[in-house]
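Undergrad: Fold the following and give me the result.
(chains A and B)
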Amino acid sequence: MSITLRGVSKQFGEFAAVDDVDLDIPTGALLALLGPSGCGKTTLLRIIAGLEAPERGQVLFDGRDATLWPIRDRKVGFVFQNYALFRHMSVFDNVAFGLKVKARRERPPSAEIRRKVQSLLELVQLDWAGDRYPSQLSGGQKQRVALARALAVDPEVLLLDEPFGALDAQVRHELRRWLRRLHTELKFTSIFVTHDQQEAIEVADTIVVLNRGRIEQSGIPGDVYDLPRSAYVHRFLGQVNELRVQWHEGRAHIGPIDITGDPALDSYGSDRIALIRPHEIDVGGEAVGWLATVRDVRVIGPIVRLELCADGRPPNEPLEAEVSRERFDLERFHIGQRVGVRFRRWQVYPTGALGGGGLGGITRASAPREAVVA
Amino acid sequence: MMESPTVLRDYNAPAARSLRERDPARGVRWGRFALIAVALTFMAAFLFLPLLVVFTQALAKGAGAYLAAVSDPMAWAAIKLTLMVAAIAVPMNLVFGVVSAWTITKFQFRGKSTLITLIDLPFAVSPVIAGLTYILIFGAHGWFGAYLQAHDIRIVFAVPGIVLATIFVTFPFVARELIPVMQAQGKDDEETALSLGANGWQVFWHVTLPNIRWGLLYGVLLCNARAMGEFGAVSVVSGHIRGLTNTMPLHVEILYNEYNYAAAFAVASLLALLALLTLAGKSFLEWRQPELRHGARLKRRNSEK
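TA: Have a look, this model is predicted:
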């Protein structure tokens, strides 16, 4: 089922939780609503589910206006952050619930219910747990029961609110992959809410970054990561180093690096900021580029994170750089070492956009700049 | 938890013994004993002793006098009236309580905090005043007095008045018990059930009710205990007509004022027995619950590990 949102808005008192959102979600999409807490992502999900009514705008299911449809008629499976399993029912009865509450003439015979629940439990690899109670299951198992229960009524849309939020890293990783596989197999439309950019990038086909109830940017994960349209998105999708653009004798610099001519620098002296991701920084043992002192070295599996105190920058604002393990093994960076820093890539934004989209419409930034090797 | 054998052996070593004597938890242990002692003494003095007094006084003049007092027709009438009043008031408050707790916890609306305050009103107001308000409304000189008299409907100084007063006084028990429980549980379970296609009644019956049943049971028991034991409000509206509008607590008072202590305590002991029976009933229900038993079994299994 395809879902279309048109000018959807929802207020909570003075607070605009969702503010004039337009969104097209094609059939079979696996979409992540991404943003920090309070950005309206859960409210948007609940509006799609029919758990919350929008004040303005329309929700269309397959082109039909579903704004006022009750949740029962939407063919939507909703999985809550805390799973909301029925504590007093066994796992089997939890999964069977949606089938057992059907009106008599639609309800499958009990043998059929039994068969279906059993196959769903097999699908989520919990066929052994049918007569267990939720309190006897781990977080990951509960999550899978909640999914099986939602799938029992053959939903055309699966909505998941922070599905992996309460799980430990190992289980989370496993469940993400499992959800992706499930989605590919069953081909329903899935929308999930998360505040974890890595999760969104890893699982979703499309990510929608929300800020203060508005869509800041949407697209396929790689594009949004590589071409963020605002400083807000840039910062939200991963680590960034922030450097204020300095003007000196008609030329613009970040540190000692001359970036004059960047299209985002539309007028002389304009207040701009450059964002650079840690892996976009080149660190070399030889003294070229911006000189800096290594302050900390963290080996994190395949990558090594360096904290650098660049000359002329306040010591409490270190640069963070990431180099590959291979490069690290070659160069053997160590604390106190003097190194040369170069930026492979950066992107310039108006500083007004720092708070994210809230201040006027000039948040669109230039395309990212590749450094010209002199 | 199993302690490993090495740890056990170490405990017998001299060094370990002196360590044990300097057990850092020793002070805590004394504190625990003291607290338990205080609690038990308090319970013995204020809960167990009165109960004991009721039963010894009731049987002070022998079993014959006890049976005579209990089987007195006036006493019987009081017992029947009390049970009847409770049988009407408790189910009504059960429904009111569930409905108001549901309304307050699952919906947002204007005047919600006023409603919560109003639910507490019967606790805040003295029962005597509650009784008097009913006299003012339904009494001969009250608002509806003339109308009621004209149509020969008796409310005050009759059973309906007693039922009304009892409902008023016991109103908060169920709602007060349920509101925190339902607030803590939130709406997720209900919303999930709705998304799975359940209708409102199915949601209530299969999801909400099982979630709140212990709070509900407890509220009903408290409500019932108070309904059977209510004195003040009922005393005002009853008119104390022996054999007609006398409930058990009122009957006890009359007997007591007539210096008929043994009989007074005999009826009082019946009230106490009813209270003990409701408590026993609650324990029985808890014991019969399969998943509670199951929980206990789990706990046992874990402690054996």
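Undergrad: Okay, strands next: where are they in the stretch 201-350 of chain A?
TA: Ranges of strands within the stretch 201-350 of chain A are A:206-211, A:214-219, A:241-244, A:246-248, A:251-254, A:257-258, A:272-276, A:281-284, A:290-300, A:303-310, A:319-324, A:338-343, A:345-350, based on DSSP state E, counting those that start in this stretch.
Undergrad: Chain B: which of the ones you listed is closest?
TA: strand A:206-211 (21.6 Å; C-beta to the nearest C-beta). Just so you know, the C-beta spots here come from the backbone N, C-alpha and C atoms, and that holds for glycine as well.
Undergrad: Would you mind getting the angle between the closest one and strand A:214-219?
TA: Our comparison of strand A:206-211 with strand A:214-219, counting by axes from the mean of the first three to the mean of the last three C-alpha atoms, to 10 degrees, yields an angle of 160 degrees.
Undergrad: re the thing from before, go through the strands of the stretch 201-350 of chain A and name the closest to B:Tyr66.
TA: strand A:206-211 (75.5 Å; C-beta to C-beta).
Undergrad: do you know how far B:Leu81 is from chain A?
TA: 38 Å (C-beta to the nearest C-beta, to the nearest Å).
Undergrad: Neighbours of A:Gly301, how many?
TA: 6 (other C-beta atoms under 10 Å in any protein chain shown).
Undergrad: So for the residue nearest to it when sequence neighbours are not counted, what's the pLDDT?
TA: Once flanking residues are discounted, A:Gly301 sits nearest to A:Arg325: 7.6 Å by C-beta to C-beta, 6 or more residues apart in numbering or on different chains. Per-residue pLDDT puts A:Arg325 at 92.
Undergrad: got a list of what A:Arg325 touches?
TA: A:299, A:301-304 (C-beta atoms under 8 Å, 6 or more residues apart in numbering or on different chains).
Undergrad: most surrounded residue in the residues you listed?
TA: Ranking the contacts of A:Arg325 using other C-beta under 10 Å puts A:Val304 first, with 21 neighbours.
Undergrad: Enumerate the beta-bridge partners assigned to that residue.
TA: A:Val299, A:Val323 (DSSP bridges).
Undergrad: wait, doesn't it sit right on A:Val283?
TA: No: contact criterion C-beta atoms under 8 Å: A:Val304 and A:Val283 do not qualify, at 9.6 Å.
Undergrad: Give the residues shared as contacts by these two.
TA: By C-beta under 8 Å, 6+ apart, A:Val304 and A:Val283 have these common neighbours: A:323, A:333.
Undergrad: for residue 194, what are its contacts?
TA: Just so you know, I chose chain A. Counting by C-beta under 8 Å, 6+ apart, A:Thr194 has contacts A:32-34, A:41, A:162-165, A:200.
Undergrad: wait, I meant chain B there
TA: If you count contacts by C-beta under 8 Å, 6+ apart, then B:Leu194 has A:51, A:70-72, B:203 around it.
Undergrad: In terms of helices and strands, where is it?
TA: helix B:188-195 (DSSP states H and E).
Undergrad: Could you check how far A:Arg327 is from chain B?
TA: 48 Å.
Undergrad: Show the average pLDDT along stretch B:86-96.
TA: 94.
Undergrad: cool, and stretch B:47-59?
TA: 88.
Undergrad: Does the spatially closest residue to A:Ile113 that is not a sequence neighbour fall in a helix, a strand, or a coil region?
TA: Sequence neighbours aside, A:Leu99 is the residue nearest to A:Ile113 in space, at 4.8 Å (criterion: C-beta to C-beta, 6+ apart). Judged by DSSP: H, G, I helix; E, B strand; the rest coil, the three-state class of A:Leu99 is helix.
Undergrad: Give me the buried subset of the contacts of B:Leu194.
TA: For the contacts of B:Leu194, a burial check counting by 16 or more other C-beta atoms under 10 Å in any protein chain shown picks out A:51, A:71-72, B:203.
Undergrad: Go through the residues you listed and name the one with the lowest pLDDT.
TA: A:Arg72 (86).
Undergrad: what ranges of the stretch 201-305 of chain B fall below the confidence cut-off?
TA: Residue ranges of the stretch 201-305 of chain B with pLDDT under 70: B:289-305.
Undergrad: all helices for it, in order.
TA: Secondary structure of the stretch 201-305 of chain B (DSSP state H, counting those that start in this stretch): helices at B:209-229, B:232-238, B:248-257, B:261-288, B:290-304.
Undergrad: Chain A now?
TA: A:41-49, A:91-100, A:110-123, A:139-151, A:169-186, A:197-203, A:221-226, A:231-236, A:325-331 (DSSP state H).
Undergrad: For the last one, buried residues please.
TA: Within helix A:325-331, the residues that count as buried by 16+ other C-beta under 10 Å are A:Phe328.
Undergrad: could I get that helix in CSV with only the CA atoms?
TA: Listed next in CSV are the C-alpha coordinates belonging to helix A:325-331 (Å, rounded to 0.1, in the frame of the first residue of the first chain):
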residue,chain,number,x,y,z
ARG,A,325,43.7,1.0,10.5
GLU,A,326,46.1,0.3,7.6
ARG,A,327,47.2,3.9,7.4
PHE,A,328,47.6,4.0,11.2
ASP,A,329,49.8,0.9,11.2
LEU,A,330,51.9,2.6,8.6
GLU,A,331,52.2,5.9,10.3
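Undergrad: B:Asn257: how many residues sit nearby?
TA: Count around B:Asn257 with other C-beta under 10 Å applied: 9.
Undergrad: Would you quantify the distance from it to B:Lys282?
TA: 34 Å (C-beta to C-beta, to the nearest Å).
Undergrad: likewise A:Glu249?
TA: For A:Glu249, the distance to B:Lys282 - C-beta to C-beta - is 86 Å.
Undergrad: and these two? which has more neighbours close in?
TA: B:Lys282 (15 against 4).
Undergrad: Please look at the residue nearest to A:Ile113 and A:Leu120 and confirm they touch.
TA: No: assessed by C-beta under 8 Å, A:Leu99 is found out of contact with A:Leu120, at 10.0 Å.
Undergrad: what's the overlap in contacts for those two?
TA: With C-beta under 8 Å, 6+ apart as the test, A:Leu99 and A:Leu120 both reach A:Ala152.
Undergrad: Would you agree A:Lys75 is in contact with A:Asp154?
TA: Yes: contact status for A:Lys75 versus A:Asp154: in contact at 7.5 Å, counting by C-beta under 8 Å.
Undergrad: quick one, which of the two is more surrounded?
TA: Between A:Lys75 and A:Asp154, A:Lys75 has the larger neighbour count (other C-beta under 10 Å), namely 18 against 12.
Undergrad: A:Pro54: neighbouring residues, count only.
TA: 23.
Undergrad: Setting the sequence-adjacent residues aside, check what's closest to it.
TA: Spatial nearest neighbour of A:Pro54, chain neighbours left out: A:Val8 (4.6 Å); criterion: C-beta to C-beta, 6+ apart.
Undergrad: which residues does the one you found form a beta bridge with?
TA: With DSSP bridges as the rule, A:Val8 is bridged to A:Val21.
Undergrad: Give me the neighbour count for it.
TA: Neighbours around A:Val8, by other C-beta under 10 Å: 24.
Undergrad: Also B:Arg29?
TA: 10.
Undergrad: After the helix or strand harbouring it, which helix or strand is next?
TA: Per DSSP H and E, B:Arg29 falls inside helix B:26-43. Downstream of helix B:26-43, the next assigned helix or strand under DSSP H and E is helix B:49-58.
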